[in-house]
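Peer 1: Need coordinates for the below:
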Amino acid sequence: MKISRKLGASLLAISAIAIVGAGKNWITQIERGAAFHTVGSPDAALTVADFSSYTCSHCGNFARTGGEVMKLAYVGPGKTRVEIRHVIRNPIDLTATLAAWCGPKEKFLGNHAAIMFAQDDWLEKAGSATQSQQQRWVSGPIPGRMRAIASDLGFYEIFEQRGYDRPTLDQCLADTQMMDTLIGATMADAETYGIRGTPSFAIDGKLLDATHSWESLQPQIQASLNAHDAANAGLDAESTVGDSAFSLD
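Peer 2: All right, here's what the predicted structure looks like:
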């Protein structure tokens, strides 16, 4: 049975409630860095960095499937936190990322999901764009290029459903300082982590080799958590022995 993306998103939201239960839902804990967002408990055992491009179809697939499962099973309960880092490969990536960042940090995850869940539709528009449209994307003042891309690919309609009017989104698309920051961060991450493709992932600052899907990422998250739990169990045992050695009873 084929499930629509809107229905799938609804089912994931219901699952989130069931998994997180009555405890704190750490998915709502969002911090904004200079060029990335961190989601989850600051006391989580692990930090997973997700390096993704909005024009990467495999990144979109991960965001719609494994990324949602990761938030429900690992981030929500406070086991892991996630850094969403952007890889800017082209003007469309830059436009989409500026749109995702529009508004306060609390809006980011919804904006990010809205772009990724609509990815097939706007990527198809990009693939069928006329030569005249493509020319508008790479010529003239940069804010005008961003607006042309947003118009041609339907970003204004996507963000209207998120509560944004056109002037508000245009203001975000004209943020040249943010453009420089995002492009600079892409270059810095490539140098620091050795990013060569998307999506890529790192755990606690170490890039994972040949890991570009949830199927390859999940076992490594679980193994790292198991190792963390085992190390803590050993420390607890040492603490118990130490306490008994100094007992006055």
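
Peer 1: Quick check: closest non-adjacent residue to residue 194.
Peer 2: Nearest-residue entry for residue 194: residue 207, 5.6 Å, with adjacent residues in sequence omitted and distances by Cβ to Cβ, 6 or more residues apart in numbering. To be clear about C-beta, it is placed using only N, CA and C from the backbone, and glycine gets the same treatment.

Peer 1: quick one: the one you found from residue 35, how far?
Peer 2: Taking Cβ to Cβ, to the nearest Å as the criterion, residue 207 is separated from residue 35 by 17 Å.

Peer 1: quick one on the thing from earlier: look at the residue nearest to residue 194 and say how many residues are nearby.
Peer 2: 17 (other Cβ atoms under 10 Å).

Peer 1: Could you identify the helix or strand that succeeds the lowest-mean-pLDDT helix or strand in the chain?
Peer 2: Within the chain, no helix or strand scores below helix 5-20, which has a mean of 46 by mean pLDDT, DSSP states H and E. Sequence-wise, the next helix or strand downstream of helix 5-20 (DSSP states H and E) is strand 30-32.

Peer 1: Return the list of helices and strands in contact with the host helix or strand of residue 170.
Peer 2: Using DSSP H and E, residue 170 maps to helix 166-173. Using 3 or more Cβ pairs under 8 Å, 6 or more residues apart in numbering; DSSP states H and E as the contact criterion, the neighbours of helix 166-173 among helices and strands are helix 91-100, helix 142-153, helix 155-160.

Peer 1: Quick check: buried residues in the second one?
Peer 2: It refers to helix 142-153. 143, 145, 146, 147, 148, 149, 150, 152, 153 (16 or more other Cβ atoms under 10 Å).

Peer 1: Could I get the pLDDT score of the last one?
Peer 2: Think residue 153. If you check residue 153, the pLDDT there is 98.

Peer 1: show me what contacts it?
Peer 2: With contacts defined as Cβ atoms under 8 Å, 6 or more residues apart in numbering, the neighbours of residue 153 are 92, 95, 122, 125, 126.

Peer 1: Relative to residue 87, how far out is it?
Peer 2: To residue 87, residue 153 is 18 Å away according to Cβ to Cβ.

Peer 1: can you check the third one too?
Peer 2: Between residue 146 and residue 87 the distance, using Cβ to Cβ, works out to 18 Å.

Peer 1: residue nearest the centroid of the protein?
Peer 2: The centre of the chain sits closest to residue 84, judged by Cα atoms, centre = their mean, with a distance of 3.5 Å.

Peer 1: Now do the helix or strand harbouring that one: which elements does it pack against?
Peer 2: Assigned by DSSP H and E, residue 84 falls within strand 80-86. On a contact count with 3+ Cβ pairs under 8 Å, 6+ apart, strand 80-86 meets strand 36-39, strand 46-52, helix 176-193.

Peer 1: Under the pLDDT cut-off, which ranges of this protein? List them.
Peer 2: Low-confidence segments of the chain, defined by pLDDT under 70, are located at 1-22, 234-249.

Peer 1: count of residues packed around residue 106?
Peer 2: That count, for residue 106 with other Cβ under 10 Å as the rule, works out to 10.

Peer 1: which SS class is it?
Peer 2: Under the three-state scheme (DSSP: H, G, I helix; E, B strand; the rest coil), the conformation of residue 106 reads as helix.

Peer 1: got the contact list for it?
Peer 2: When contacts are counted by Cβ under 8 Å, 6+ apart, residue 106 is found next to residue 30.

Peer 1: Residue 39 against residue 72, yeah?
Peer 2: No - counting by Cβ atoms under 8 Å, no contact exists between residue 39 and residue 72, whose distance comes to 12.0 Å.

Peer 1: Compare the two and say which one has the larger neighbour count.
Peer 2: Of the pair residue 39 and residue 72, residue 39 is the one with more neighbours under other Cβ under 10 Å, namely 26 against 20.
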